[in-house]
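A.B. asks: Sharing a model prediction with you, sequence too.
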Amino acid sequence: MRTDDFIRELCKATGEEYQDVYIRGRRAGWLEAEDELYPNRDISRKNVARILHMYLLKVRMVPDLPDISRASALKDLYDCRICANHVAQVYLRGLMDAKNLMKEGEFLWFDLDGVDEDAVVLSQIAEMKDVSCKAI
Amino acid sequence: MDNSRPSVIDDKRLRFDSFGGSSTEIFEKKERLPAMGWNSWNAFGSGNNEELTEAMVAKIKELGLDKLGYKYIVLDDGCYKPERVNGRLQADEVKFPSGFRALADHVHSQGLKFGMYNDIGTKLCSGAEVGIYGYEKVDCEDYINWDIDFIKVDNCYYMWDNATFAEPSNAKFSYAPNIKSITVDGRNLSAVKDGTLTGTRAEVKDNYVTFLGTYDGTAPDHTPVGVRSSELHFEIDSDRDKEAELKVAYATGEEEGVGRWLQVAVGDRIFFDDMLPVTPDSETFSDSQIIKIDLKAGSNTVRIMNHRRQENTLHSYCEIKKELINAGGDKDIVFSICEWGKTQPQDWGHKVGDSWRILNDITFQVGADGNNGNAAWESDYTTSITSQYNKCVIMDEFASPLKGWNDPDMLVIGMDRLNFEMNKSHMAMWCMMNSPLMLGMDLRRVDKGDDIYKIIANEDLIALDQDPLGVQAKRIYTTYECDAPDKTYIRDNDRIDVLAKPLADGSIAIGFFNLSTEDKAEPVSVTKDRIIDAIGSKMTDAGKFKAATVYHIKDLISKEEKDCDAGCFGIVSLGLCDCKVIKVTPLR
């Protein structure tokens, strides 16, 4: 899914107006300049995590989960210093999954630069809408 | 610029062999005390903007923090437009609508100093495609035009190492191939049987040597003390001065531990410094091309190695420093190296920087406007106060006003999940260790006289950090069982540490830190003899301190003062995560 399509879907799901959303989102701090600059790029999982987390924080005013230590089960969490908290917040809230790369045992991989199928991304947006009801 | 391989290094001062000596410095360095100020990252992450920065400036003035030394206002990642405009950096027009120069002028008009951020790679850590690599000259011209006083330079997306966000296969530049043998003028020498490994990194596997390179220090897994790399040495006798032909039996890889870049030296002269052709895998060995070397009559040490992890990174930072000087002349700019301890910057940081980060970040849960962010007292990774402290506390010998300072990252005081004792100990640790004191919180939540203010504005603690003698405290005792408290890397926090720091006025500071999350009822004390044994050579007058019979003691946190006639200083108990810091002055 392209970044712009993701933002359109987010707007559709949340009732956010699409008109001027980039400027509004950047001012509010849940969108970044790169979202506006590269609207045609496929949206990576780390950017989905960033936007969903920041939308929760800045628009829906859902405070962060204070303890993200359980997210350190994700082996690639610390590969991304900038997005580690975004990833941890959406992972611990169950909005986004990780892959287990081992047949036996556990080696959880968030796949920061991966791109999800459209249906998966839509379900992530839907999960975000429902976040206050989610058990942590 | 060749983007397929690191630069040729033709300046010996950038080489590993010159890291130790002050006679091989590259730039004229100014003696400095650790920088103090506010950095946007921990407080606001990528969400910092002009309005928030100006609010922090106003708050620093209102609280009088500038008078205590907090001078530098540093914009971290997230402030630029994410791609260049006509090849130049631009401010993000939504976050910084007035531009950087206007903000710098505002900061300067308040009597403060202005700092900015970039990265030696192709992108910033945020992903903005404006890394300084290849743009050193124009970017430094812009930084000078924007009138910066401070620059922090990160290490994401770096071309020549497997740094954060960079290609993992970049490890090929950082490690030598696996080495099975060398042949010198037809004589074959086994790496395992005839070679000698130096340092601590390399190891023997089956019939070859692997991990010829430098430890990655980003994570808290390894000590920073001692030689952090390895070489494979062969002693070659020669009956006369002559040119010889050397071949290396090698196998390449592109991962941490096995690479493709080989350096060959005889003594201190390098004869080969380049990539080798790829082999089918890292255990299928091929012979290299012939490498001509010079042997002298007598014994020669042939060195098989790869120090490029350190040399490339130093080279990249030097390119920036050089262009800042070219553009700004003698403009005084603090240079903050932020490669997270990856390439053991304690070895080379003194050549280019005024401080060097020692680990990955102290927190990944940075705040935002309206959100304090979270920090931790302890963690398994770098993301805690004690993780940073545990490494920094044994790095005192690397630091000085001329060399620069170990940087255990910006302060997390004021972030959520830290209580008063943790914040207090954090501040005291950083001051004892002469760390840069960069506040990392939204200062709008601080009021003069409140708990946070009392901690960050503790003039007695700040005076330790800024003491003109400039000696980082040494750990002289720990309740953790070990032979060398000043050198042993301890990650078990169930302990009390005692640090001692000589001061310019002939006093010393002693810090007692309970790292544990449990109260400690055990008395801990140190005698003046132990103190003098440990730091006497750095004290201004150890003789006077030793001969004294009465000492004035000031508790730098409670402010209690008393005289004492015992030559022994201690505590009877310490609460969890708590500390006691005293200044001891010999009276008579």
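C.D. replies: That came in fine, so what should we check first? Numbering: from 1, shown residues only, chains lettered A, B, ... in the order given.

A.B. asks: helices or strands next to the helix or strand hosting B:N390 in the packing?
C.D. replies: In the assignment (DSSP states H and E), B:N390 maps to helix B:385-392. Where contact means 3 or more CB pairs under 8 Å, 6 or more residues apart in numbering or on different chains; DSSP states H and E, helix B:385-392 is packed against helix B:420-432. From N, CA and C alone the C-beta is placed, and that goes for glycine too.

A.B. asks: re the thing from before, for the helix holding B:N390, the averaged confidence score.
C.D. replies: Mean pLDDT, helix B:385-392: 98.

A.B. asks: again with stretch B:532-549
C.D. replies: The average of the pLDDT scores along stretch B:532-549 is 97.

A.B. asks: got it, and stretch B:180-196?
C.D. replies: Mean pLDDT, computed over stretch B:180-196, is 97.

A.B. asks: Could you list the residues in contact with the helix holding B:N390?
C.D. replies: B:220, B:223-224, B:341, B:358-359, B:362, B:375-379, B:381-382, B:406, B:408-409, B:412, B:418, B:422, B:425-426, B:429, B:433, B:435, B:489-491, B:493, B:513, B:515 (CB atoms under 8 Å, 6 or more residues apart in numbering or on different chains).

A.B. asks: what about 6 Å?
C.D. replies: Helix B:385-392 has contacts (CB atoms under 6 Å, 6 or more residues apart in numbering or on different chains) with B:220, B:224, B:358-359, B:362, B:377-379, B:406, B:408-409, B:426, B:429, B:433, B:491, B:493, B:515.

A.B. asks: again, but for stretch B:278-291
C.D. replies: If you take CB under 6 Å, 6+ apart as the criterion, stretch B:278-291 is touched by B:178, B:180, B:245-253, B:258, B:264, B:271-272, B:276.

A.B. asks: Need the max-distance pair from the residues you listed.
C.D. replies: Largest separation among those by CB to CB: B:E245 and B:G253, giving 26.0 Å.

A.B. asks: Can you tell me the SS state at B:E518?
C.D. replies: When classified by DSSP: H, G, I helix; E, B strand; the rest coil, B:E518 comes out as coil.

A.B. asks: burial measure for it, as a count.
C.D. replies: 11 (other CB atoms under 10 Å in any protein chain shown).

A.B. asks: Where does the residue lying closest to it once chain neighbours are set aside sit, in terms of helix or strand?
C.D. replies: Closest residue to B:E518 apart from its sequence neighbours, by CB to CB, 6 or more residues apart in numbering or on different chains: B:L576 at 5.5 Å. According to DSSP H and E, B:L576 maps onto no helix or strand at all.

A.B. asks: Mind giving me the packing neighbours of the worst-scoring helix or strand of chain A on mean pLDDT?
C.D. replies: In chain A, the helix or strand scored least confidently by mean pLDDT, DSSP states H and E is strand A:99-100, which has a mean of 86. Using 3 or more CB pairs under 6 Å, 6 or more residues apart in numbering or on different chains; DSSP states H and E, no helix or strand is in contact with strand A:99-100.

A.B. asks: What segments of the stretch 51-200 of chain B are helices?
C.D. replies: Residue ranges of the helices in the stretch 51-200 of chain B, as given by DSSP state H, counting those that start in this stretch, are B:100-109, B:136-145, B:171-174.

A.B. asks: Also chain A?
C.D. replies: Shown for chain A, the helices assigned by DSSP state H span residues A:3-14, A:21-28, A:33-37, A:45-58, A:84-92, A:118-129.

A.B. asks: rewinding a little: in its sheet, which strands sit next to the least confident helix or strand of chain A, and in what direction?
C.D. replies: Note on strand A:99-100: by DSSP bridges, its sheet partners are strand A:108-109 (antiparallel).

A.B. asks: hmm, who's touching the strand it pairs with?
C.D. replies: A:73-76, A:98-101.

A.B. asks: Highest neighbour count among these?
C.D. replies: A:L74 (22 neighbours).

A.B. asks: so that one sits right up against A:A98, yeah?
C.D. replies: Yes - under the criterion of CB atoms under 6 Å, A:L74 makes contact with A:A98 at 5.5 Å.

A.B. asks: what touches both of those two?
C.D. replies: Taking CB under 6 Å, 6+ apart as the criterion, A:L74 and A:A98 both touch A:108, A:110.

A.B. asks: Sitting in strands, which of the contacts of helix B:385-392 do you find?
C.D. replies: Cross-referencing those against strands under DSSP state E gives B:N406.

A.B. asks: Just the buried subset of the contacts of helix B:385-392, written out for ChimeraX, thanks.
C.D. replies: Listed next is the ChimeraX selection for buried residues among these, using 16 or more other CB atoms under 10 Å in any protein chain shown:
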select /B:220,224,358,359,362,377,378,379,406,408,409,426,429,433,493,515
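
A.B. asks: could you list every residue that touches whichever residue of chain B sits closest to chain A?
C.D. replies: Nearest residue of chain B to chain A, counting by CB to the nearest CB: B:F364, 3.7 Å away. B:F364 sits next to A:84-85, B:383 when contact means CB under 6 Å, 6+ apart.

A.B. asks: Run a quick neighbour tally on the residue nearest to B:E518.
C.D. replies: Close neighbours of B:L576, defined as other CB under 10 Å, add up to 16.

A.B. asks: That one and B:K520 touch, don't they?
C.D. replies: No - if you go by CB under 6 Å, B:L576 and B:K520 don't touch, sitting 7.9 Å apart.

A.B. asks: hang on, B:F335 in a strand?
C.D. replies: Yes - under three-state DSSP, B:F335 falls within a strand.

A.B. asks: So it sits against B:W356, correct?
C.D. replies: No - counting by CB under 6 Å, B:F335 stays clear of B:W356, with 9.7 Å between them.

A.B. asks: Distance from the chain centre to the helix or strand containing B:F569, please.
C.D. replies: Element membership of B:F569, judged by DSSP H and E, is strand B:568-571. Centroid displacement of strand B:568-571 relative to its chain, using CA atoms, centre = their mean, to the nearest Å, is 32 Å.

A.B. asks: Return the set of buried residues in that strand.
C.D. replies: B:569-571.

A.B. asks: so which of those comes closest to B:G440?
C.D. replies: Of the buried residues of strand B:568-571, the one sitting nearest to B:G440 (CB to CB) turns out to be B:I571, at 29.3 Å.

A.B. asks: How about residue 25: what's its closest non-neighbour residue?
C.D. replies: In the absence of a named chain, chain A is used. A:G25's closest residue in space is A:L31 (CB to CB, 6+ apart), at 3.1 Å.

A.B. asks: Not quite, go with chain B.
C.D. replies: B:E25 sits nearest to B:K351 (CB to CB, 6+ apart), 6.0 Å away.

A.B. asks: That neighbour contacts B:T24, correct?
C.D. replies: No - assessed by CB under 6 Å, B:K351 is found out of contact with B:T24, at 7.9 Å.

A.B. asks: quick one, which of the two is more surrounded?
C.D. replies: A direct count of neighbours by other CB under 10 Å for B:K351 and B:T24 places B:K351 higher, at 23 against 15.

A.B. asks: Torsion angles phi and psi at the more buried one?
C.D. replies: Phi and psi for B:K351, reported as degrees, to the nearest 10, are phi -80, psi -20.

A.B. asks: how close does it get to B:Y317?
C.D. replies: Separation of B:K351 from B:Y317 (CB to CB, to the nearest Å): 9 Å.

A.B. asks: ok so, going back, now render the buried residues of strand B:568-571 as JSON lines, adding pLDDT.
C.D. replies: Formatted as JSON lines, the buried residues of strand B:568-571 follow (pLDDT from 0 to 100):
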{"residue": "B:F569", "pLDDT": "97"}
{"residue": "B:G570", "pLDDT": "97"}
{"residue": "B:I571", "pLDDT": "97"}
